[in-house]
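1. sequence unavailable; structure follows:
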């Protein structure tokens, strides 16, 4: 009977469902930290943000629907946590209004920002230009280009319509190009 | 200017987000249009530059460990596990005590049984005693040099008991004295051993006059470092009377 009890203890430890949270969450640790650094622009704040995100996700894991997009779920938690932080509130206070349906006017100049970039071969300038982007543009650009999320996934993560995703993405790229091409007028 | 409508969708095309049919049309157009092809190339390079620039920050090993520990399974269930282990420990202790008690009880029962066997074996023998005498002053000296202790035999004058004699016996690999008495045709055995020599750690129940599963009455006690057993098919009062005689003599 005593042996039976010890067996029961061992079985209950190995059959715990929290192992699946660890398996799902830890592969996103480094990208989440990178994303948090880009949002907060401060490593200590980013660590606090990631730590709080994991704590909230673990606590609310029972509400996560198995089979749905875990990445979008945990990124959403991180972003919502950021938006309610002091840095987040300050950053989003300067978010430009989305102008739906506005088409980007492409430059007609021979010298494009991309060609300037290629000539300079300096990706550090890209980093600096990304840092200067408003947070609403920076996050959508990072999710699309760095995390390689689909528009639908970005829409779920940010809680905005796909049309808004496309327009913000377009404006982010336009702003970035303009920043990398000083002195060149867009037509 | 025909290309303007294509270029407006160039980023969406490069993100792979156009409908499938439109993607195929765009592929065909880009292959045939040098202007759009050049734009597509530079924008792909831009995307690549953003990808490289975007992967900028790496967490420290220490921070990774901290997060890893915070999501490790045991941290969530330590409370329940502690209760399970505590319950197991209690069961272990109770189980050990129960086994110890049962063994002790069975040890006592085993001794009673062996004493009964000695009594029966002696009576069944063609020579129940090796020293045949009703005189205690004859029987007692007979044990000298045979057992490693001395004991007193009671005076039986004015009693119904008669000493028939004695023999050597062994209990739990310990030598002892076996005396046989007669009381109205009933034979009663008195066995005496050194208490410390009995290896079985029995819990003697000295109030038990008729041990379970034994068809005899019996009384046992310890006195002067010796363990006495009085056993026979006489009634309990007679067994007790003989026991009192021995207690008084010792």
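-> That came in fine, so what should we check first? Predicted, not measured: the structure shown is a model, and the values here were computed from it. Numbering: from 1, shown residues only, chains lettered A, B, ... in the order given.

2. buried stuff in the one helix or strand residue A:73 maps to?
-> If you go by DSSP states H and E, residue A:73 is part of helix A:70-83. By neighbour count on 16 or more other CB atoms under 10 Å in any protein chain shown, the buried set for helix A:70-83 is A:70-82. Every residue, glycine included, has its C-beta placed from N, CA and C.

3. so what secondary structure elements neighbour the following helix or strand past it?
-> From helix A:70-83 onward toward the C-terminus, using DSSP H and E, the following helix or strand is helix A:86-92. Where contact means 3 or more CB pairs under 8 Å, 6 or more residues apart in numbering or on different chains; DSSP states H and E, helix A:86-92 is packed against helix A:29-40, helix A:70-83, helix A:135-141.

4. tilt between the first one and helix A:70-83?
-> Okay, so that is helix A:29-40. 30 degrees (axes from the mean of the first three to the mean of the last three CA atoms, to 10 degrees).

5. mean confidence for the next helix or strand after helix A:29-40?
-> Counting by DSSP H and E, the element after helix A:29-40 in chain order, helix or strand, is helix A:43-59. For helix A:43-59, the mean pLDDT works out to 94.

6. helix A:43-59 close to chain B?
-> Yes: residues of helix A:43-59 contacting chain B under CB under 8 Å from any CB of the partner chain: A:43, A:46-47, A:50-51, A:54-55, A:58.

7. what's that helix packed up against?
-> helix A:18-25, helix A:29-40, helix A:70-83, helix B:61-71.

8. residues of that helix that come out buried?
-> Buried-residue list, helix A:43-59, by 16+ other CB under 10 Å: A:45-47, A:49-54, A:57-58.

9. and for stretch B:17-36?
-> Those would be B:17, B:26, B:30, B:33, B:36, for stretch B:17-36 by 16+ other CB under 10 Å.

10. could you export those residues as CSV, including secondary structure, distance to residue B:241 and pLDDT?
-> As requested, the buried residues of stretch B:17-36 are exported to CSV (DSSP: H, G, I helix; E, B strand; the rest coil; distance: CB to CB, whole Å; pLDDT from 0 to 100):
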residue, secondary structure, distance to residue B:241, pLDDT
B:17, coil, 111, 94
B:26, helix, 120, 91
B:30, helix, 123, 89
B:33, coil, 129, 90
B:36, helix, 126, 90
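
11. which member of those is positioned nearest residue B:142?
-> residue B:17 (115.3 Å; CB to CB).

12. what about the closest one, distance to residue A:165?
-> As for residue B:17, its distance to residue A:165 is 9 Å (criterion: CB to CB, to the nearest Å).

13. per-residue pLDDT, residue A:169?
-> 95.

14. just say helix, strand or coil for it.
-> Three-state call for residue A:169 (DSSP: H, G, I helix; E, B strand; the rest coil): helix.

15. kindly report the same for the one 5 residues further on.
-> For residue A:174, the reduced secondary structure class is helix; criterion used: three-state DSSP.

16. do you know how far it is from residue A:133?
-> 11 Å.

17. next one: residue B:144
-> 113 Å.

18. compare neighbour counts for the two and give me the winner.
-> residue A:133 (20 against 8; other CB atoms under 10 Å in any protein chain shown).

19. quick one: residue B:54 and residue A:34 touch, right?
-> Yes: counting by CB atoms under 8 Å, residue A:34 is a contact partner of residue B:54 at 7.5 Å.

20. the more surrounded of those two?
-> residue B:54 (24 against 21).

21. what about the closest residue to that one other than its chain neighbours, neighbour count?
-> Leaving aside its sequence neighbours, residue B:54 sits nearest to residue A:146 (CB to CB, 6 or more residues apart in numbering or on different chains; 3.4 Å). Using other CB under 10 Å, residue A:146 is surrounded by 20 other residues.

22. what separates the host helix or strand of residue B:27 from the chain centre, distance-wise?
-> Assigned by DSSP H and E, residue B:27 belongs to helix B:20-32. In terms of CA atoms, centre = their mean, to the nearest Å, the centre of helix B:20-32 is found 79 Å from the chain centre.

23. what of stretch B:163-173?
-> Worked out by CA atoms, centre = their mean, stretch B:163-173 lies 37 Å from the chain centre.

24. so which bits of it are buried?
-> B:163-167, B:169, B:171.

25. now the nearest residue to residue B:239 once chain neighbours are set aside, which residues is it bridged with?
-> Spatial nearest neighbour of residue B:239, excluding adjacent residues (CB to CB, 6+ apart): residue B:217 at 4.6 Å. Judged by DSSP bridges, the bridge partners of residue B:217 are residue B:232.

26. got the phi and psi for residue B:229?
-> phi -130, psi 130 (degrees, to the nearest 10).

27. okay, it: pLDDT?
-> For residue B:229, the predicted pLDDT is 91.

28. list of residues touching the one helix or strand residue A:130 maps to?
-> Here residue A:130, judged by DSSP H and E, is contained in helix A:123-132. Residues from elsewhere that reach helix A:123-132 (CB atoms under 8 Å, 6 or more residues apart in numbering or on different chains): A:38, A:41, A:117, A:138, A:141-142, A:176, A:179-180, B:49-50, B:52-54, B:56.

29. could you identify the most distant pair in those residues?
-> Top of the distance list for these (CB to CB): A:41 and A:117, 22.3 Å.

30. more neighbours: which of the two?
-> Ranked by neighbour count (other CB under 10 Å), residue A:41 and residue A:117 place residue A:117 first, with 22 against 14.

31. and the pLDDT for the more buried one?
-> pLDDT, read off for residue A:117, is 56.

32. likewise residue B:211?
-> pLDDT, residue B:211: 61.

33. in chain B, which spans are helices?
-> Using DSSP state H, the helices of chain B run over B:4-7, B:10-14, B:20-32, B:34-54, B:61-71, B:74-124, B:136-142, B:236-249.

34. what would these look like in JSON lines with distance to residue B:153?
-> Output for those, formatted as JSON lines (distance: least, CB to CB, whole Å):
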{"stretch": "helix B:4-7", "distance to residue B:153": "128"}
{"stretch": "helix B:10-14", "distance to residue B:153": "118"}
{"stretch": "helix B:20-32", "distance to residue B:153": "116"}
{"stretch": "helix B:34-54", "distance to residue B:153": "107"}
{"stretch": "helix B:61-71", "distance to residue B:153": "79"}
{"stretch": "helix B:74-124", "distance to residue B:153": "17"}
{"stretch": "helix B:136-142", "distance to residue B:153": "4"}
{"stretch": "helix B:236-249", "distance to residue B:153": "6"}
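
35. list the residues that contact the closest residue to residue A:49 other than its chain neighbours.
-> Spatially, and ignoring its direct neighbours in sequence, residue A:49 is nearest to residue A:36 (4.5 Å; CB to CB, 6+ apart). Counting by CB under 8 Å, 6+ apart, residue A:36 touches A:45-47, A:49-50, A:53, A:78, A:82.
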